[in-house]
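Engineer: Predicted model follows, preceded by the sequence.
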Amino acid sequence: MTVKNVEFANELLEAEETRQAISALTDRNEHLTVEDAYNIQLETVNLKLAQGKKVIGKKVGLTSVAMQKMLNVNEPDYGHLLDDMRVESGALVKIDSMISPKIEAEIGFVLDEDLVGPNVTYLDVMMATKYVVPTLEIIDSRVKDWKIKLIDTVADNGSSAKVVVGEKLTALDGIDLRTNSMVLFKNDELLATGAGAAALGHPAHAIAWLANKLHEFGITLKKGELILPGALSGAVSVSAGDTIEAKFGVLGSVTVHFE
Amino acid sequence: MTLLTSKNKDIIEYLYTAERDAREVMKVTDEYPELTIKEAYEIQNGLLTRKLTENGTKTIGVKLGLTSKAKQEMMGVNEAIYGYLHNDMLAYEWEAIQFSELIHPKVEPEIAFLLSEDLQGENITAEDVLKATKYVAPALEVIDSRYKDFRFTLVDVVADNCSSAKFVVGSKWVSPSAIDVGNIGMVMSKNGNVEQTGSSAAVLGHPAEAIAWAVNELGALGKGLKKGDIVLSGAMSEAIAFQAGDSVIAEFDGLGSVTLYCK
């Protein structure tokens, strides 16, 4: 870990705390690598752990072809979920607790067993899953105006901010995770639709990618963790007064209000 | 075409390179007509070890072959055979299979069993198998004998890991307590035309019976199946050949469907 990378980590944390976005790291250091970016992210997580926060799970990002094209990459990225990011379905979230939030709907997985790479397949993920749960991920960029490259968003914990967790927990028996429906509403207006296959072909496949990727960093997906496998439609901007609801068919729904 | 020159180690190398280079070879028994079934399983095991070491992969389950009366009669045998599955054989509904990596592939529809418990013993019953199964799922197995014209004896096919190449699993997984696993109807179509129909009953009367047989065979060798393993229980119909550009779908009553696209 270089001094410069520790500085970047501190800057990102300060931006999150003060809601003052910073300029893109890649504009200031053109030599930054993806590996540096993951190390910066890990440093931000370590700093949060030192404040007494806890890791409750992980998220996979950039799982849709559209997002990968936008950032000119051909693989996903990931971020950490911490306990202070968790919001229960139906709760109120203050819009000014974030910089420029957007929201996206995902099928959350809760693990019954650790998943240790390499060679984790989506079959292993299915077998290690206790249940799935409807979630809304609120993303936010600590980089000004979302002007991010892959390296910027990776350093910024995959641009994650909060995760809204639904109440209904469903075991996988009889569920088809590729065709499972998702309908996203803003203030009762239908905004987007999608299905499970939008996340890398199969949401459990996105989690298998994550388990194998984390192996490179000596990190394991743990029993009890909540894992978000990636958005089922494009992200939607939100403002004060908005109510967002995602309906996932037989998996139930999840709602959040912004004020 | 390469010809065999010496025994076991050479046979392993011979079959390993044939698969790696997607090249058909003369069957092993042409040169070693005295090769036994026991030796064939030893060769299969050595071949598996070679692949796992070379590719850094792991074993994820087992497949059964010759589980239908018709196939057993055709081969002049009265029992099934088994081979091993490793993680790089897993193919996906959302990624095309590359024809160039295969020799003369065929595809057959099967019920996949996913185990929530270890399964080992010499007196295992179909009921034990169902009890240890967390889910059944629809599957397509791609078989691709490394032998010229897909022609072989029992010994040859066992040595060649039962012709296994790849497999795809559908996305609807169901508890075996929620479906009559012994009688699941199946329709397999290629490019929109119905090619085969069948039922899971074609697999030794009930796919769990076929798996119980395999577990008992493995048990006699001190081996078994592990929690988390996938078992492909045997074909529910005849296999069909496919080529680049072909699309195959198998639809199962109560279990959804599974598709394969080859490019």
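Structural biologist: Nice, I can see it. Numbering: from 1, shown residues only, chains lettered A, B, ... in the order given.

Engineer: Count residues in the vicinity of the residue of the stretch 1-150 of chain B found nearest chain A, would you?
Structural biologist: With Cβ to the nearest Cβ, the shortest gap between the stretch 1-150 of chain B and chain A falls at B:W94, namely 2.8 Å. Quick note: C-beta positions are derived from backbone N, CA and C, even for glycine. Using other Cβ atoms under 10 Å in any protein chain shown, B:W94 has 15 neighbouring residues.

Engineer: and the residue nearest the centre of chain B, helix, strand or coil?
Structural biologist: The centre of chain B sits closest to B:K63, judged by Cα atoms, centre = their mean, with a distance of 3.9 Å. Here B:K63 is recorded as strand under DSSP: H, G, I helix; E, B strand; the rest coil.

Engineer: and it, what are its bridge partners?
Structural biologist: Beta-bridge pairing of B:K63 under DSSP bridges involves B:G83, B:L232.

Engineer: That one contacts B:L232, doesn't it?
Structural biologist: Yes - counting by Cβ atoms under 8 Å, B:K63 touches B:L232, with 4.1 Å between them.

Engineer: Give the residues shared as contacts by the two.
Structural biologist: B:85, B:141, B:167 (Cβ atoms under 8 Å, 6 or more residues apart in numbering or on different chains).

Engineer: List just the nearest of those to A:N180.
Structural biologist: The closest of the shared contacts of B:K63 and B:L232 to A:N180 turns out to be B:F167 (Cβ to Cβ; 22.9 Å).

Engineer: looking at this, that closest one is in a helix?
Structural biologist: No - under three-state DSSP, B:F167 sits outside any helix and is assigned strand.

Engineer: Find the least confident helix or strand in the chain, judged by mean pLDDT.
Structural biologist: Defaulting to chain A. helix A:65-70 (a mean of 84; mean pLDDT, DSSP states H and E).

Engineer: right idea, wrong chain: chain B
Structural biologist: helix B:69-75 (a mean of 87).

Engineer: Can you give me the buried ones in that helix?
Structural biologist: B:71-72 (16 or more other Cβ atoms under 10 Å in any protein chain shown).

Engineer: Mind giving me the packing neighbours of it?
Structural biologist: The contact analysis (3 or more Cβ pairs under 8 Å, 6 or more residues apart in numbering or on different chains; DSSP states H and E) places helix B:69-75 against no helix or strand.

Engineer: Next, report how far it is displaced from the centre of its chain.
Structural biologist: Counting by Cα atoms, centre = their mean, to the nearest Å, helix B:69-75 is centred 16 Å from the centre of its parent chain.

Engineer: Please write out the alpha-carbon positions of that helix in CSV.
Structural biologist: Provided in CSV are the C-alpha atoms of helix B:69-75 (Å, rounded to 0.1, in the frame of the first residue of the first chain):
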residue,chain,number,x,y,z
LYS,B,69,-32.2,-51.0,-21.8
ALA,B,70,-31.8,-50.2,-25.5
LYS,B,71,-28.3,-48.9,-25.1
GLN,B,72,-27.3,-51.8,-22.9
GLU,B,73,-28.5,-54.3,-25.4
MET,B,74,-26.7,-52.4,-28.2
MET,B,75,-23.5,-52.7,-26.2
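
Engineer: Quick check: residues of chain A near chain B?
Structural biologist: Selection of chain A residues close to chain B by Cβ under 8 Å from any Cβ of the partner chain yields A:118-119, A:121-124, A:126-128, A:172-179, A:196-197, A:200-202, A:205.

Engineer: For ChimeraX, what selects the buried ones among those residues?
Structural biologist: Only the buried entries of the residues of chain A next to chain B go into this ChimeraX selection, using 16+ other Cβ under 10 Å:
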select /A:119,121,122,123,124,126,127,128,172,174,175,176,177,178,196,197,200,201,202,205
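
Engineer: Give me the subset of the residues of chain A next to chain B lying in helices.
Structural biologist: If you go by DSSP state H, those have A:122-124, A:126-128, A:205 in helices.

Engineer: Now the residue nearest to B:G61 when sequence neighbours are not counted, what are its backbone angles?
Structural biologist: Leaving aside its sequence neighbours, B:G61 sits nearest to B:I230 (Cβ to Cβ, 6 or more residues apart in numbering or on different chains; 3.8 Å). In this entry, B:I230 is assigned phi and psi values of phi -110, psi 140 (degrees, to the nearest 10).

Engineer: cool, A:S89 as well?
Structural biologist: The phi/psi pair for A:S89 (degrees, to the nearest 10) is phi -60, psi 140.

Engineer: Just give me the neighbour total for it.
Structural biologist: Other residues close to A:S89 by other Cβ under 10 Å number 20.

Engineer: List the contacts of it.
Structural biologist: So A:S89 contacts A:134, A:164-167, A:253-256 (Cβ under 8 Å, 6+ apart).

Engineer: Quick check: it vs A:V256, distance?
Structural biologist: 7 Å (Cβ to Cβ, to the nearest Å).

Engineer: shared neighbours, the two?
Structural biologist: Going by Cβ under 8 Å, 6+ apart, residues that sit against A:S89 and also against A:V256 are A:V164.

Engineer: that older thread, now rank the shared contacts of B:K63 and B:L232 by neighbours and give me the top one.
Structural biologist: B:E141 (29 neighbours).

Engineer: my read: that one touches B:V107, true?
Structural biologist: Yes - with contact defined as Cβ under 8 Å, B:E141 reaches B:V107; the gap is 6.9 Å.

Engineer: residues in contact with the residue of the stretch 101-250 of chain A found nearest chain B?
Structural biologist: Of all residues in the stretch 101-250 of chain A, A:G201 sits closest to chain B, at 2.8 Å by Cβ to the nearest Cβ. Taking Cβ under 8 Å, 6+ apart as the criterion, A:G201 is in contact with A:178, B:92-95.

Engineer: which stretches of chain B aren't confidently modelled?
Structural biologist: B:1-6 (pLDDT under 70).

Engineer: all helices in it, in order from the N-terminus.
Structural biologist: B:8-20, B:28-31, B:37-55, B:69-75, B:126-131, B:154-159, B:207-220.

Engineer: Of the ones you listed, which stretch is the most buried?
Structural biologist: helix B:154-159 (a mean of 25; mean count of other Cβ atoms under 10 Å in any protein chain shown).

Engineer: So which elements touch that one?
Structural biologist: Packed against helix B:154-159 by the contact rule (3+ Cβ pairs under 8 Å, 6+ apart) you find helix B:28-31, helix B:37-55, strand B:81-86.

Engineer: just the strands in the stretch 51-200 of chain B please.
Structural biologist: B:59-65, B:81-86, B:90-91, B:106-115, B:133-143, B:164-169, B:185-190, B:193-199 (DSSP state E, counting those that start in this stretch).

Engineer: between the fourth one and strand B:185-190, how big is the angle?
Structural biologist: By that I understand strand B:106-115. 140 degrees (axes from the mean of the first three to the mean of the last three Cα atoms, to 10 degrees).

Engineer: List the neighbouring strands of strand B:106-115 plus their orientation.
Structural biologist: Sheet pairing of strand B:106-115 (DSSP bridges) gives strand B:133-143 (antiparallel), strand B:230-235 (antiparallel), strand B:240-241 (antiparallel).

Engineer: most tightly surrounded among those strands?
Structural biologist: Most buried of the strands paired with strand B:106-115, by mean neighbour count (mean count of other Cβ under 10 Å): strand B:230-235, with a mean of 27.

Engineer: quick check: angle from that one to strand B:164-169?
Structural biologist: Relative orientation of strand B:230-235 and strand B:164-169, computed by the same axes, to 10 degrees: 100 degrees.
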